[in-house]
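S.K.: Compute the structure for the input listed below.
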Amino acid sequence: MSTTKIQLAGCVILDDYGRILLIHRSAAARTQWELPGGKLEPDELPEDAAEREVAEELGVSIRLVKPLGYGAFEEGEKVFHYTWFQAAVTHGEPAIQESQSFDDLDYFELEDLPSLALSANMLVLFGQIVSGDVALQT
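M.R.: Sure thing, here's the model as predicted:
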């Protein structure tokens with residue numbers, strides 16, 4: 001059996017209180033809170049994919065503040081490699097743009113994340129934040 005590798009990129013966006021912005025995916029196959037982000041297109045850099053995905057999902061322009069690191073997780077025959085960036089909104093107010101996939105967005109305190117139905121990617125990222133491997137700039 002061969003394993004399919006999928007490259008993803010997304011952004012941690014914090015509000016003025018240091019809370020993290022998550023979007024709620026509400027689909028038949030998946031209901032979870034996750035970072036704005038998604039798949040890289042062919043020959044696309046992770047930085048460009050992160051900016052594009054945030055614009056598509058939230059309707060805002062961002063500035064990448066810093067790279068945060070990488071994580072990987074498996075689902076079935078697929079291995080997902082995720083590149084995280086911290087970003088700041090430079091234009092617009094985050095709002096759901098893809099209502100067929102997402103039904104809510106909100107800012108959460110880091111200590112509240114374990115009580116949420118988080119995506120596999122968010123569980124990996126949260127673990128790295130708690131361990132100190134990923135440091136957010138507040």
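S.K.: Now do the contacts for the residue nearest the centre of the chain.
M.R.: In the chain, the centroid-proximal residue (CA atoms, centre = their mean) is residue 35; its distance is 2.3 Å. The contact partners of residue 35, taken as CB atoms under 8 Å, 6 or more residues apart in numbering, are 10, 11, 12, 22, 23, 84, 119, 121, 122, 125. From N, CA and C alone the C-beta is placed, and that goes for glycine too.
S.K.: low-scoring pLDDT stretches of the protein, where are they?
M.R.: Low-confidence segments of the chain (pLDDT under 70): 1-2.
S.K.: how about the strands of it, start to end?
M.R.: For the chain, the strands defined by DSSP state E cover 4-13, 20-27, 30-34, 37-39, 61-75, 78-91, 102-108.
S.K.: could I get the ones you listed as JSON lines with mean neighbour count and distance to residue 48?
M.R.: Listed next are the strands of the chain as JSON lines, based on neighbours: other CB atoms under 10 Å; distance: least, CB to CB, whole Å:
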{"stretch": "strand 4-13", "mean neighbour count": "19", "distance to residue 48": "8"}
{"stretch": "strand 20-27", "mean neighbour count": "19", "distance to residue 48": "20"}
{"stretch": "strand 30-34", "mean neighbour count": "16", "distance to residue 48": "20"}
{"stretch": "strand 37-39", "mean neighbour count": "20", "distance to residue 48": "12"}
{"stretch": "strand 61-75", "mean neighbour count": "15", "distance to residue 48": "10"}
{"stretch": "strand 78-91", "mean neighbour count": "18", "distance to residue 48": "11"}
{"stretch": "strand 102-108", "mean neighbour count": "15", "distance to residue 48": "21"}
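S.K.: before we move on, the earlier item: between the contacts of residue 35, which sits nearest residue 90?
M.R.: Set against residue 90, the nearest of the contacts of residue 35 by CB to CB is residue 11 (12.2 Å).
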